[in-house]
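[1] quick check, what structure comes out for this input:
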Amino acid sequence: MRLSGHLSPQPRLKPTPFPFGKPQMNPYPTYMKIGVDIDGVLIDTDTKGYLDFCREKLGWQTDYESFRKTHSWFVGTGQTNLSVMTKAMLRFISEVEGSQKPIEGAHKALKQLSEIADIYLITSRGGLIREVTEACLAQHLPDMPYKELSMDNTNKKTDSIITFGVDYYIDDSLWEISEILKNKSVATTIIPFPAFHGVPKWEEINDPRIHLLSIWKEIKDDTEATRYPELRQKAWKEIVEFIRQDTQE
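    Predicted structure coming up:
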């Protein structure tokens, strides 16, 4: 079996029910670890709505077009204090109904991947909204198995990827992925997930750790919003197929 990144030193054997009530060892132990971002990958947060909210309610000089290019909350909000941004996000989520929705295809895909890997959620969301995040995941992605929810990872996702020993990491942010790739010791395979805030030119990033989904060929700057659900479902289906095949080679 070939894996793209770090390996768990000792595979964990998962107990399964035995017909007579005695535990039995699963013949298919978990060998892999998959890291997944939340916003834009599992949960569709109304980014433009959040930035508009911060401008109208808080008086911030927000810039959605800059966010589209960088996928950086610091750039988009014009703020430098993560705690301040987190409190604003908490207020936005609390006051604006429908500000968070599940990404199409994510629930089914992660349940499938959890059969062959441990799932780690690695997000830039601040710890102040952990309870809100957990409630959102429980509501929109029920029974989604994950080993850990790691928060406060703005500009620090590389550290979490190394700490958890992640083999594959899925994120939609050009900014975050570019930061991860700066660390040449990271052997993790990075899978950019389709983002519709702006379409990064991933093909210009010459790094063997990037696995570019074929679905990107269908995504343009002017892609109609009505196609987002279809494209996201295709992306998640392709991710599952790629990881399954990659681990069997």
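[2] and the strands in the chain, which stretches?
    Taking DSSP state E, the strands of the chain run over residues 15-16, 24-25, 32-36, 43-45, 100-102, 117-122, 148-150, 168-171, 189-192.
[3] how about the longest one as PDB, C-alpha atoms only?
    Included here for strand 117-122 are C-alpha records, laid out as PDB according to Å, rounded to 0.1, in the frame of the first residue of the first chain:
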ATOM      1  CA  ALA A 117      -9.200   6.700   7.400                       C
ATOM      2  CA  ASP A 118      -9.400   8.800  10.500                       C
ATOM      3  CA  ILE A 119     -10.900  12.300   9.800                       C
ATOM      4  CA  TYR A 120      -9.400  15.400  11.400                       C
ATOM      5  CA  LEU A 121     -11.200  18.800  10.900                       C
ATOM      6  CA  ILE A 122      -8.600  21.600  10.700                       C
END
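[4] closest to residue 86 out of the strands of the chain?
    strand 43-45 (13.0 Å; Cβ to Cβ). C-beta here means a position set from N, CA and C on the backbone, and glycine is covered the same way.
[5] and that closest one, what does it pack onto?
    Applying 3 or more Cβ pairs under 8 Å, 6 or more residues apart in numbering; DSSP states H and E, we find strand 43-45 packed against strand 100-102, helix 130-140.
[6] now do the domain split for the chain, please.
    30-45+102-248, 47-95 (automatic domain parsing).
[7] these into JSON lines, with extra columns for mean neighbour count and mean pLDDT?
    Converted to JSON lines, the domains of the chain look like this (neighbours: other Cβ atoms under 10 Å; pLDDT from 0 to 100):
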{"stretch": "domain 30-45+102-248", "mean neighbour count": "18", "mean pLDDT": "91"}
{"stretch": "domain 47-95", "mean neighbour count": "17", "mean pLDDT": "91"}
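[8] quick check: residue 182 vs residue 205, distance?
    12 Å (Cβ to Cβ, to the nearest Å).
[9] pull the contacting residues for the closest residue to residue 124 other than its chain neighbours.
    Take residue 124 and drop its neighbours on the chain: the residue closest to it by Cβ to Cβ, 6 or more residues apart in numbering is residue 154, 4.3 Å away. Contact analysis of residue 154 by Cβ atoms under 8 Å, 6 or more residues apart in numbering lists 73-74, 82, 124.
[10] what would those residues look like in a markdown table with distance to residue 169?
    As requested, the contacts of residue 154 are exported to a markdown table (distance: Cβ to Cβ, whole Å):
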| residue | distance to residue 169 |
| --- | --- |
| 73 | 19 |
| 74 | 21 |
| 82 | 21 |
| 124 | 13 |
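[11] where along this structure do the helices fall?
    47-58, 64-70, 73-77, 82-95, 106-113, 130-140, 157-164, 174-181, 228-248 (DSSP state H).
[12] how about those helices, which one is nearest residue 40?
    It's helix 47-58; of the helices of the chain, that one is closest to residue 40 (Cβ to Cβ) at 8.0 Å.
[13] dump the strands of the chain to a markdown table, plus distance to residue 218.
    Formatted as a markdown table, these follow (distance: least, Cβ to Cβ, whole Å):
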| stretch | distance to residue 218 |
| --- | --- |
| strand 15-16 | 40 |
| strand 24-25 | 43 |
| strand 32-36 | 22 |
| strand 43-45 | 18 |
| strand 100-102 | 21 |
| strand 117-122 | 27 |
| strand 148-150 | 31 |
| strand 168-171 | 18 |
| strand 189-192 | 14 |
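[14] how much space between the most centrally placed residue in the chain and residue 130?
    Among the residues of the chain, the one closest to the centroid is residue 37, at 1.8 Å (Cα atoms, centre = their mean). Residue 37 sits 16 Å away from residue 130, taking Cβ to Cβ as the criterion.
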